[in-house]
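A.B. asks: quick one, structure for this:
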Amino acid sequence: MRFLTARGTKSLVFQMKNFKREFLAQLESKFQHTKFATAGEHLQGASPPSVFIGRFGYPKVFVGPLIPNQSGDTLFMDSPEQWISQGKTASEIVDFRMGLVRGKQAVSIWDESRKAEQMREIALSQVSPEVDATFTHKPRGSFFNDDALAFGPSALLKKLEVNSGKWDQKLEVMFHDTDCRATTAVQELYEKGSTVSAITRAFSVGAFGLEKNRKFVPTRWSITAVDSNLSENLLEEVKILPLLDRPLVFKHSSLSQTYAVILFPSQWQYDWVEAFFSNGRDATTFGDGEGFDRKKEYSSVGGCYYSTRLALCEKMNKLGKQAGAIVLRECYSDYVPLGVWNVRENVRHALAQPPVEFNEYTAAVKHAFAALKLEPKHWVRNSKILREGPKAQPLQKTLACFNA
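C.D. replies: Numbers count the residues shown, from 1 in each chain. Sure thing, here's the model as predicted:
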């Protein structure tokens, strides 16, 4: 059993980041030989719409569309907000994501050429635009990552033509408002009902912000930026709400994972703990958290921390109550890294289920533990709230309560 929690010195946080990065790299490498779409040096198809902005070589990065070998409506292939409610399996998601071929070309993040225009035409489209790509060689490989959505083979672009269709009206308005800051655009689009994935896609191609500041943003960075920005804004509203009156536990299992979410009467405080099982019993665990004050450093556990915080803040605003939160996630041996959307949408789905109500905090925690395979002591070691007790509870609600 390996565990490391991020709360502590800066050196411990740095160790945690590297440890999880190395762990996920090993996990992701298992899927690099997954069967993917076969494509020649020419491909024509309807992009979902979808683009991917790489981060290696920053500030010069590889940008390009994701293209399936099919025409018509392919929106479902890049609409993760729908997949959990539709009951999609990991196998189904991998199958259609591996059918997306990535064309790429190196550009400066400040590029304003026709290449940049084409990326924005795709990213802001309301429909699935037809894309005609010619590659320098036959596309190969695949991409699996615990931050961004998976996709199939890649190749450098020799030529690209985009038959752009109608743009999403809300995104288009923000694109033309060159006096609006990017953070404001993200918040306004969210409040008007745009999905997080649509906002992130447009954000990554530099479609928002002051005209002089617009640039490409790597996809993985964009995902975290949007989740973080939205959750911070919602959190300001959460912190002035009255406290939740009793503990609630929400549970949900999907895509070889189980989530247990505990909300309890308290001012805002939040712990995230995840456990990855490599076989039936052994697990590697990671944890991070925050108190009432704003979290200053980037989370050592990565983008899933912010996607979960967004889902929690959405729920608390809907309830009209402020609470403390502990989120426990188990990933089993057949877990497939599918991207941060997986965590956001699964936590959203868990919080949409009818909760089990309790009169007492300890009973709620024990109920959550009962839904999970990992021994309670390992959750406790990675959670400051579980170790020390929530601030709204008596001091004796500590490690001893859970026989750890």
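A.B. asks: what are the ranges of the helices in the stretch 101-250 of the chain?
C.D. replies: Secondary structure of the stretch 101-250 of the chain, counting by DSSP state H, counting those that start in this stretch: helices at 114-123, 169-176, 182-191, 196-204, 219-238.
A.B. asks: wait, Gly206 touches Ala116, no?
C.D. replies: Yes. Gly206 is in contact with Ala116 according to C-beta atoms under 8 Å; the separation is 7.3 Å. For every residue, glycine as well, the C-beta is placed using N, CA and C.
A.B. asks: nearest to Arg102, out of the helices of the stretch 101-250 of the chain?
C.D. replies: Closest of those to Arg102 is helix 219-238, at 10.9 Å (criterion: C-beta to C-beta).
A.B. asks: centre of the chain to the closest one, how far?
C.D. replies: Relative to its parent chain, helix 219-238 has a centroid offset of 11 Å by C-alpha atoms, centre = their mean, to the nearest Å.
A.B. asks: let's number from 13 now, not from 1
C.D. replies: All right, first residue 13 from here; so that's helix 231-250.
A.B. asks: that helix - what's its average pLDDT?
C.D. replies: In this model, helix 231-250 carries a mean pLDDT of 98.
A.B. asks: what do you get for stretch 73-81?
C.D. replies: 97.
A.B. asks: same question, stretch 328-336
C.D. replies: Stretch 328-336 shows a mean pLDDT of 98.
A.B. asks: can you list contacts of that stretch?
C.D. replies: 246, 249-257, 260, 275-282, 397, 402-404 (C-beta atoms under 8 Å, 6 or more residues apart in numbering).
A.B. asks: can I get the buried part of the residues you listed as one ChimeraX selection?
C.D. replies: Filtering the contacts of stretch 328-336 down to the buried ones (16 or more other C-beta atoms under 10 Å) takes a single ChimeraX command:
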select :246,250,256,260,275,276,277,278,280,281,282,397,402,404
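A.B. asks: in strands, which of the contacts of stretch 328-336 fall?
C.D. replies: Members of those lying in strands (criterion: DSSP state E): 260, 275-276, 281-282.
A.B. asks: those into CSV, with extra columns for pLDDT and distance to Cys192?
C.D. replies: Listed next are the ones in strands among the contacts of stretch 328-336 as CSV, based on pLDDT from 0 to 100; distance: C-beta to C-beta, whole Å:
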residue, pLDDT, distance to Cys192
Leu260, 98, 38
Leu275, 98, 35
Phe276, 98, 38
Gln281, 97, 33
Tyr282, 98, 30
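A.B. asks: now, which of these sits nearest Pro71?
C.D. replies: Once C-beta to C-beta is applied, the member of those that ends up nearest Pro71 is Tyr282, at 33.4 Å.
A.B. asks: ok, now which ones touch the residue nearest to Asn225 when sequence neighbours are not counted?
C.D. replies: Nearest non-adjacent residue to Asn225, counting by C-beta to C-beta, 6 or more residues apart in numbering: Ala194, 7.3 Å away. By C-beta under 8 Å, 6+ apart, Ala194 lies in contact with 215, 220-222, 225.
A.B. asks: just flag the most distant two among these.
C.D. replies: Spatial extent of those (C-beta to C-beta) is set by the pair Phe215 and Leu222 at 13.9 Å.
A.B. asks: who has more neighbours, those two?
C.D. replies: Taking neighbours as other C-beta atoms under 10 Å, Phe215 and Leu222 compare with Phe215 leading, 27 against 12.
A.B. asks: quick check: closest non-adjacent residue to the more buried one.
C.D. replies: Ser234 (4.9 Å).
A.B. asks: and that neighbour, how far is that from Phe220?
C.D. replies: As judged by C-beta to C-beta, to the nearest Å, Ser234 and Phe220 stand 11 Å apart.
A.B. asks: the two: which has the busier surroundings?
C.D. replies: For Ser234 versus Phe220, the count of surrounding residues by other C-beta under 10 Å is larger for Phe220: 25 against 21.
A.B. asks: who are the contact partners of the more buried one?
C.D. replies: Phe220 is in contact with 186-187, 192, 194, 197-198, 214, 226, counting by C-beta under 8 Å, 6+ apart.
A.B. asks: about what we covered before: adding pLDDT and distance to Lys47, write the contacts of Ala194 out as JSON lines.
C.D. replies: Shown next, in JSON lines, are the contacts of Ala194 (pLDDT from 0 to 100; distance: C-beta to C-beta, whole Å):
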{"residue": "Phe215", "pLDDT": "98", "distance to Lys47": "32"}
{"residue": "Phe220", "pLDDT": "97", "distance to Lys47": "37"}
{"residue": "Gly221", "pLDDT": "97", "distance to Lys47": "40"}
{"residue": "Leu222", "pLDDT": "97", "distance to Lys47": "45"}
{"residue": "Asn225", "pLDDT": "96", "distance to Lys47": "42"}
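A.B. asks: out of those, who's nearest His379?
C.D. replies: Phe215 (38.8 Å).
A.B. asks: give me the most central residue, the protein.
C.D. replies: Centroid-nearest residue in the chain: Val352, 2.3 Å away (criterion: C-alpha atoms, centre = their mean).
A.B. asks: which secondary element of the chain has the worst mean pLDDT?
C.D. replies: Least confident helix or strand of the chain, by mean pLDDT, DSSP states H and E, is strand 14-17 with a mean of 52.
A.B. asks: show me what the helix or strand hosting Val285 packs onto, helices and strands only.
C.D. replies: Using DSSP states H and E, Val285 falls within strand 281-289. Counting by 3 or more C-beta pairs under 8 Å, 6 or more residues apart in numbering; DSSP states H and E, the packing neighbours recorded for strand 281-289 are strand 295-302, helix 316-331, strand 336-343, helix 388-393, helix 396-400.
A.B. asks: for that strand, buried residues please.
C.D. replies: Within strand 281-289, the residues scored as buried using 16+ other C-beta under 10 Å are 281-289.
A.B. asks: for His149, which non-adjacent residue is closest in space?
C.D. replies: In this structure, His149 finds its nearest non-sequential neighbour in Ala167, 5.6 Å apart by C-beta to C-beta, 6+ apart.
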